[in-house]
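Colleague: A structural model of the following input is requested.
(2 chains)
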Amino acid sequence: MKVQQEKRTRFVVLAALLGTCLLVVALHYEARRRGSVSLPEEGALAVLTPLQGTLTQFAFTLRERGRSIRRIGEIEHENRELRKQVQDLRNRNRRLNAKYEENIRLRKLLALDLEVPNEAVFAEVISLNTSNWFQRVRLNRGRKDRVAPKDVVMTDAGLVGQVIDVSRHTATVELIIDRESGVGARTMQSRATGVVRGTSEPNCELAYLDRDADVRVGDQVLTSGLGDVYPPGLIIGEVTEVHKDRHGIRHSATVKPATDFARLEDVYVRKGLRGAE
Amino acid sequence: MGTLAGWTLLLVAVVLQGSLAGHLQFLGCQPDLILTATLCLGLLLGPEKGGLLGVAGGLLEGVLVGSNPGSFLVSRCAAGLLAGAVSARLFRENRLVPVTLIFAGTALAELVFFVMSPSASFVPYLRLALGEGVWNSAVALAAYPLAARWVGR
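Modeller: Next comes the predicted model:
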């Protein structure tokens, strides 16, 4: 009798567990359709995010310290060079500021509107790639900071990726090196168009190039503005290899992203093409 | 005590996976600390608890990655169940046994994951899965004895 009751309890627990799992998975896909995260995920993230953020920052600091110690001689030399550069840039900045103010005055005289830059939200990476299968990061900005799915994520070096879902306080970013990522692109020099696809490796592939496209090693690759996410003219990276088969049917190139994804700490989020409309 | 300690260990693995694992890249691979914890705990606590911890670990991994929670859940649950099922028949005191099992468990879990969420091509996937298996085994070499002490086995 007791054994039977125990079996029944086990069955009920197992059924409840299975039901809960199915519900959580169904809620995930329903929320993902809207570019959001489900309530259980939101709860889990609310608990995990502060801990992850702290530990991630700690790991970044530790790594940078280690790197600095190894490169101390090189850093001293670099520091001297940078001081010189800072002085030059200060002088140049002064000249540019004068031109800028003059520009504003002239625009006012001509009654032209100043171009308003896209509203950007600065964010920190709180969780680096958590799996071997997806190249994604999580940011410490979410819905409350007006971050939305399909927003574009960048660093000062170049394109990082796009926001794929947001919770109240966090956003998940699909990096351009993720195997599911595709970015409409063109080369700066020859204006050859193609699609930069992620390969889950550090480099991307510039695919679907025209058979006669003149693409060379060292060419800069920019977003083309085709598609509904990335505005044109954002830096993606540089061509490091060109692949053309003997029959000239397959023409592609390897692109080294301008952003160093292994050292991704601070980024900014701006509205994509759809959000800017 | 063992169960509570097991859940605590799994949560620690989840937090570390989301913060430190990404920094441990070697030849393009990183360890999966949640899967390693699930396998270690399955070996130590048996199939039922292993499976249950696998379900929770898989769900949380899906939440962390922001994708495919169902595939993570099923593959991690299968790994926890298998580790628990074989643990009774093996001499766990030999350090190499859990380490080898964690390599095999990782390969199985990632195979199940691949079947449920196929990626572009199998060969690069296999390379990553094997690399992850090596990483997880290396982590388990240090983590398994600690986990065993922690859960009191």
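
Colleague: which residues of the stretch 101-250 of chain A score low on pLDDT?
Modeller: Where the stretch 101-250 of chain A drops to pLDDT under 70, the residues are A:108-109, A:111-118, A:248.

Colleague: hmm, try it at 80
Modeller: Counting by pLDDT under 80, the stretch 101-250 of chain A shows low-confidence ranges at A:101-119, A:129-130, A:200, A:245-250.

Colleague: what does chain B give?
Modeller: Along chain B, segments meeting pLDDT under 80 span B:1-3, B:27-28, B:88-95, B:118-121, B:152-153.

Colleague: residue numbers of it in contact with chain A?
Modeller: Within chain B, the positions adjacent to chain A are B:14-23, B:25, B:28-30, B:32, B:52, B:55, B:59-67, B:69-70, B:73, B:113, B:117, B:119-120, B:124-125, B:128-129, B:131-132 by Cβ under 8 Å from any Cβ of the partner chain. The way it works is simple: take the backbone N, C-alpha and C, and place the C-beta from them, glycine included.

Colleague: filter these down to the buried ones.
Modeller: Among the residues of chain B next to chain A, those classed as buried by 16 or more other Cβ atoms under 10 Å in any protein chain shown are B:14-22, B:25, B:29-30, B:32, B:52, B:55, B:59-67, B:69-70, B:73, B:113, B:125, B:128-129, B:131-132.

Colleague: among the residues you listed, which are located in helices?
Modeller: B:14-19, B:52, B:55, B:59-65, B:69-70, B:73, B:113, B:125, B:128-129, B:131-132 (DSSP state H).

Colleague: show me the strands in the stretch 1-150 of chain A, by range?
Modeller: Using DSSP state E, counting those that start in this stretch, the strands found in the stretch 1-150 of chain A span residues A:120-127, A:136-139.

Colleague: out of those strands, which gets nearest to residue B:4?
Modeller: In terms of Cβ to Cβ, the element of those nearest to residue B:4 is strand A:120-127, at 26.2 Å.

Colleague: in the closest one, which residues are buried?
Modeller: Across strand A:120-127, burial judged by 16+ other Cβ under 10 Å covers A:121, A:123, A:124, A:125, A:126, A:127.

Colleague: and it, anywhere near chain B?
Modeller: Yes. Strand A:120-127 reaches chain B (Cβ under 8 Å from any Cβ) through A:126, A:127.

Colleague: would you pull up the residue in chain B closest to chain A?
Modeller: In chain B, the residue that lies nearest chain A is residue B:22 (2.9 Å; Cβ to the nearest Cβ).

Colleague: pretty sure that residue contacts residue A:132?
Modeller: No. Counting by Cβ atoms under 8 Å, residue B:22 stays clear of residue A:132, with 10.3 Å between them.

Colleague: okay, the strands of the stretch 1-150 of chain A in TSV with distance to residue A:19 next?
Modeller: Output for the strands of the stretch 1-150 of chain A, formatted as TSV (distance: least, Cβ to Cβ, whole Å):
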stretch	distance to residue A:19
strand A:120-127	29
strand A:136-139	28
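
Colleague: restricting to C-alpha, output the longest strand along chain A in CSV.
Modeller: Counting residues, the longest strand found in chain A (DSSP state E) is strand A:235-244. Provided in CSV are the C-alpha atoms of strand A:235-244 (Å, rounded to 0.1, in the frame of the first residue of the first chain):
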residue,chain,number,x,y,z
ILE,A,235,32.2,49.6,-39.9
ILE,A,236,32.1,45.8,-39.8
GLY,A,237,35.7,44.9,-40.4
GLU,A,238,38.4,44.3,-42.9
VAL,A,239,38.9,41.7,-45.6
THR,A,240,41.7,39.3,-44.7
GLU,A,241,41.3,36.6,-47.4
VAL,A,242,39.5,36.3,-50.7
HIS,A,243,38.1,32.9,-51.8
LYS,A,244,37.3,32.2,-55.4
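
Colleague: verify the contact between residue A:231 and residue A:224 for me.
Modeller: No. Residue A:231 is beyond contact range of residue A:224, at 9.9 Å (criterion: Cβ under 8 Å).

Colleague: spatially central residue for chain B, please.
Modeller: residue B:35 (1.8 Å; Cα atoms, centre = their mean).

Colleague: so who does it touch?
Modeller: By Cβ atoms under 8 Å, 6 or more residues apart in numbering or on different chains, residue B:35 lies in contact with B:57, B:61, B:76, B:79, B:105, B:106, B:109, B:136.
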